[in-house]
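*Asks:* Sharing a sequence plus its predicted fold:
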Amino acid sequence: MTAAEGTLPLAPEHGRAQAPPRARRGRAQSPAPHAEAGQERPASASAPAGAAVVQRQALRWHTRTFRWPAVRAFLLSTVAYPTAGIAVLLALWWLGGWAIASNDDVVAFAGFAPAPAFAALADMVASGEVWGTIFPSLYRIGMGLLWAFLIGVPVGVAIGLSAALREVTHVPFQFLRMISPLAWMPIAVLAFATWDGAIVFLIAVAAVWPVLFSTAQGVRRIDPLWFKVARNLGADGWQMLRRVIMPAIGQDIFAGLRLAVGVAWIVLVPAEYLGVTSGLGYAINDARDTLEYDTLAAIVVVIGIIGFLLDGMCVSLIKHFSWRQAD
Amino acid sequence: MSANVSVDFITHTFKGQSAPTLKDIALNIHPGEQVALIGRSGCGKSTLLHMLAGLTVPTEGCVHIRGHTVTRPSAKWNMMFQKPSLYPWMTVRRNAELGLLFAGCRDTARIDALLELVGLADKADANVQSLSGGQQQRVALARSLATSPELLLLDEPFSALDAFTRATLQDEVSRIARQEGLTLVIVTHDIDEAVAMADRVLIMAANPGRIAGEMAIELPAPRERASAEYSRAREALMTTFDGLVGDGRGGAAAQRTDAAGAPQREAA
């Protein structure tokens, strides 16, 4: 018994606190290696009861380093579930393509099916043509979002801080927000010397609102005591902005930017239908005019992938600037 | 280091109200003295404390701290609130040194010493959200002390803590204030807290907010809560309090309770 007591303090404390349900399951699934690990301990030789305790100890150690349920959950969420989702989407696409191909009236559009589309995509990537299509679009998106950010964040902070400014801007902002960005098109074309300038303007006009309102909302949610404490510690206006307001609303700003990316990406393609001779929207229009439906479908796939990646970037920015502790 | 505080005939009426919240408050607090302001909710004690901190400007009268007229907040007269209000995106150390950061003079050695003083040296790099309520309030204390204030103002800072943590922190803050020679003003609605910490208790009455009376607590520090003197002081304060502001439940009734002795109820 003394041997058993002697080994007890070896138990990892938090391992004990958090492991029991997992440890039990882990043991049920693969008992053999644990038992062997337990018998390697010298204390187990002295008394049978001691061996049992040591064995249990070894189980805890072992299950702490490799917990199958946790690994399984990780694999499911990062590999299995997304793969299943993609598979369902591809299956629906394939079914659509099959329906088109088997209908004599629309068989000319059979290029929309997955196989021709991916073949066209492979060609575009191999020839490098796809990069020349993507970059102008990314540049316009980037500039539009930059302007949305540069205008939306300061204005959002200002209307978040000032109730009067919020009241004054409420009607004009809600009015402007509801105008479809594409309705600005004729004005943008007149006002800007270049097509690029006009498209950047349209994207900025669409993307500024989510950034602005999310920033303002973030400022309004700041605990008033944080202001009081900072003032009490001698913070001036600039220090308050830099040390309290901006860190407090970082995640709100980027949550707004995430919405803005979605909106900007939607506005980009129709904006590129007109005037310009580069970019994803132009490429779609061009493919339609030349009846290259496989290329058209390939560009749609490219748009989806880039949008997905941009969204992922925003999510990691939100996580980076989030101070709320994960549960 | 410590400052004397004089309050010169403060009258304050909040915007949109006709009756004054505070009327003709005049008091003098000696350097290094520990004063408690007690009173029922709504008697204006917290408003008065905000004026000492410069967070509220009185409509009439003014506050002088060591001869300076208080017009705005300063790190030299620092306030602690009921909520620790730490900044969750900063570590414990960063929170504690914030006042110094604002003043543009970071001092790592001083922060280390302060975290040692409040017993959180091993948590310096922890996320403040992982700390208990008592530990968070200790960080807030370190943050308040970092700027070497002359005057520490406490607005019911321990009322959200459990009884044991509260008693420990009352003793610690009192000891640290004496050690550093700080003048201490604590607003509370807890008679026990006043007896545990104050040299002098000011009793405030409401409508309009005024100082109805005061009582000296002449007990040696640290205060022994189990001692007979402590119980007597507590009872005396309770009696004085009920005599002065017992009007909440009808003056006569309160007086009778006093005469019967042992009015063992909270004054808030």
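*Replies:* Received, thanks.

*Asks:* At which residues are the helices of the stretch 1-150 of chain B located?
*Replies:* Listed in chain order, the helices of the stretch 1-150 of chain B (DSSP state H, counting those that start in this stretch) span B:45-53, B:92-96, B:98-103, B:108-117, B:133-146.

*Asks:* For residue B:206, which of these is the nearest?
*Replies:* Minimum separation from residue B:206 across these (CB to CB) falls at helix B:45-53, 9.3 Å. (Glycine included, C-beta is placed from N, CA and C.)

*Asks:* re the thing from before, turn the helices of the stretch 1-150 of chain B into JSON lines, including mean neighbour count.
*Replies:* As requested, the helices of the stretch 1-150 of chain B are exported to JSON lines (neighbours: other CB atoms under 10 Å in any protein chain shown):
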{"stretch": "helix B:45-53", "mean neighbour count": "23"}
{"stretch": "helix B:92-96", "mean neighbour count": "24"}
{"stretch": "helix B:98-103", "mean neighbour count": "21"}
{"stretch": "helix B:108-117", "mean neighbour count": "16"}
{"stretch": "helix B:133-146", "mean neighbour count": "24"}
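
*Asks:* Quick one: closest of the ones you listed to residue A:92.
*Replies:* It's helix B:92-96; of the helices of the stretch 1-150 of chain B, that one is closest to residue A:92 (CB to CB) at 51.2 Å.

*Asks:* one step back: of the helices of the stretch 1-150 of chain B, give the one that comes closest to chain A.
*Replies:* helix B:98-103 (4.0 Å; CB to the nearest CB).

*Asks:* helices or strands next to that closest one in the packing?
*Replies:* Helices and strands touching helix B:98-103, as assessed by 3 or more CB pairs under 8 Å, 6 or more residues apart in numbering or on different chains; DSSP states H and E, comprise helix B:133-146.

*Asks:* do the helix it packs on and chain A meet?
*Replies:* Yes: contact of helix B:133-146 with chain A (CB under 8 Å from any CB of the partner chain) involves residue B:143.

*Asks:* Does chain A have contacts with the helix or strand following that helix?
*Replies:* Per DSSP states H and E, the first helix or strand lying C-terminal to helix B:133-146 is strand B:151-155. No: Strand B:151-155 stays clear of chain A (CB under 8 Å from any CB), getting no nearer than 9.0 Å.

*Asks:* name the helices or strands packed onto the following helix or strand past strand B:151-155?
*Replies:* Using DSSP H and E, the helix or strand that directly follows strand B:151-155 along the chain is helix B:163-180. Identification of packing neighbours for helix B:163-180 by 3+ CB pairs under 8 Å, 6+ apart yields strand B:34-38, helix B:133-146, strand B:151-155, strand B:183-188, helix B:191-197.

*Asks:* With distance to residue A:189 and mean pLDDT added, can I get the ones you listed in CSV?
*Replies:* Putting these into CSV (distance: least, CB to CB, whole Å; pLDDT from 0 to 100) gives the following:
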stretch, distance to residue A:189, mean pLDDT
strand B:34-38, 68, 91
helix B:133-146, 56, 90
strand B:151-155, 60, 91
strand B:183-188, 65, 92
helix B:191-197, 71, 88
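
*Asks:* Switch those over to CSV; also include distance to residue A:155.
*Replies:* Below are the helices and strands packed on helix B:163-180 laid out as CSV (distance: least, CB to CB, whole Å):
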stretch, distance to residue A:155
strand B:34-38, 43
helix B:133-146, 32
strand B:151-155, 35
strand B:183-188, 39
helix B:191-197, 46
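
*Asks:* And the ones you listed: which comes nearest residue A:193?
*Replies:* When the helices and strands packed on helix B:163-180 are compared by CB to CB, helix B:133-146 sits nearest residue A:193, at 54.5 Å.
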